[in-house]
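dropping a prediction and its sequence here:
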Amino acid sequence: MIQSDKSKFKTPLLTVRIVTPEGIVWQGLAQFVILPCKDGEMGILRGHVAITAMIDVGVLKVRSNNEVLSFCIQTGFAQVEADEIIVLVNQAELGNNINPEQAQNTLELAMTNSDQALNKLEKFQAKTALKVAKARLKAAQGVG
């Protein structure tokens, strides 16, 4: 009779910390993390090569305890080393704490402001606000 070693089928875990200037927003163990980077999304699993990545406004996803958590995050950096991920960002908000109706209203307002922007500064600010509003709504809906 062949015995299987069930321990080799356990999902390896990463240590994850999401930090803002106000403090730690979330920390725990995760099966994977998806980071919104300047050049697109980056998936991180255990054993990933050490890297420092620029984080863009978007939705960060963490699979922890067989649940996917979505965070709306704003610009910063992520450091991946030795199965540990530290995400240092300007702001982070757990999607479950975002009211989807308010996020939808904010998105609509940001779209209007974007259409009405007159100069380069207003256009830049409106574009940034629109990007944040889209990310907040996606995080609230658990998509990204």
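Noted; the coordinates are in hand. Numbers count the residues shown, from 1 in each chain.

any idea how far the most centrally placed residue in the chain lies from Ile73?
Central residue of the chain (Cα atoms, centre = their mean): Leu60, 1.5 Å from the mean position. Distance, Leu60 to Ile73, using Cβ to Cβ, to the nearest Å: 5 Å. In short, each C-beta sits where N, CA and C put it, glycine included.

joint contacts of these two?
Common contacts of Leu60 and Ile73 (Cβ atoms under 8 Å, 6 or more residues apart in numbering): 18, 36, 87, 92.

quick one: contacts of the lengthiest helix in the chain?
In the chain, ranked by residue count with DSSP state H as the criterion, the top helix is helix 120-141. Here helix 120-141 makes contact (Cβ under 8 Å, 6+ apart) with 36, 57-59, 70-74, 93-95, 98-100, 103-104, 106-107, 109-111, 113-114, 116-117, 144.

could you redo the last one with a cut-off of 6 Å?
57-59, 70, 72, 95, 98, 100, 103, 106-107, 110, 113-114, 117, 144 (Cβ atoms under 6 Å, 6 or more residues apart in numbering).

among these, which two are most distant?
Using Cβ to Cβ, the pair of the contacts of helix 120-141 lying farthest apart is Ser70 and Ala117, separated by 28.5 Å.

these two: which is more packed in?
The neighbour comparison of Ser70 against Ala117 (other Cβ atoms under 10 Å) goes to Ser70, with 23 against 16.
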